[in-house]
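Enquirer: have a look at this fold, sequence not included:
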């Protein structure tokens, strides 16, 4: 089951890499127009979620909304993988 999720995630990552590489092949003016359109769409979708009460901006918004400090504590950290060449770690945190 975990292996299936990993393979699915890897496939999605490869698809995203292909998509981003194709974007980088576009002329800068076209890239800027595309990114501006995506940013406008994102703002519109966030506005819709805020209007419906479905938007969750995370601890920063909770802090402002409730007037209390939000606290995040690291309970446990487990290294799942360490790249043998770079030493970069992929970790799970609670």
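Expert: Received, thanks. None of these values were measured; they are calculated from a predicted model.
Enquirer: is residue 26 in a helix, a strand, or coil?
Expert: State at residue 26, reduced to three classes by DSSP: H, G, I helix; E, B strand; the rest coil: coil.
Enquirer: actually residue 37, not the one I wrote
Expert: Secondary structure for residue 37, judged by three-state DSSP, is helix.
Enquirer: where do the helices sit along the protein?
Expert: For the chain, the helices defined by DSSP state H cover 2-24, 28-52, 59-66.
Enquirer: so which of these gets nearest residue 79?
Expert: Between residue 79 and these, the tightest spacing by Cβ to Cβ is seen for helix 2-24, at 16.3 Å. (Each C-beta comes from the backbone N, C-alpha and C, glycine too.)
Enquirer: who touches that closest one?
Expert: Contact with helix 2-24 is made by 31, 34, as judged by Cβ atoms under 8 Å, 6 or more residues apart in numbering.
Enquirer: report the angle between the axes of that helix and helix 28-52?
Expert: Inter-element angle recorded for helix 2-24 and helix 28-52: 130 degrees (by axes from the mean of the first three to the mean of the last three Cα atoms, to 10 degrees).
Enquirer: how distant is helix 2-24 from the center of its chain?
Expert: Distance, stretch centre to chain centre, for helix 2-24: 14 Å (Cα atoms, centre = their mean, to the nearest Å).
Enquirer: end to end on stretch 75-90, go ahead and measure it.
Expert: By Cα to Cα, to the nearest Å, the extent of stretch 75-90 from end to end equals 17 Å.
Enquirer: quick one: mean pLDDT over it.
Expert: In this model, stretch 75-90 has a mean pLDDT of 91.
Enquirer: residue 88 is nearest to which of the helices of the chain?
Expert: Relative to residue 88, the nearest member of these by Cβ to Cβ is helix 2-24, separated by 15.4 Å.
Enquirer: okay, and for this structure, where does confidence drop off?
Expert: Within the chain, the segments meeting pLDDT under 70 span 1-2, 59-70.
Enquirer: out of the helices of the chain, nearest to residue 85?
Expert: helix 2-24 (18.9 Å).
Enquirer: could you count how many residues lie near residue 31?
Expert: Counted with other Cβ atoms under 10 Å, residues neighbouring residue 31 total 13.
Enquirer: show me what contacts it?
Expert: Contacts for residue 31 (Cβ under 8 Å, 6+ apart) come out as 23-24.
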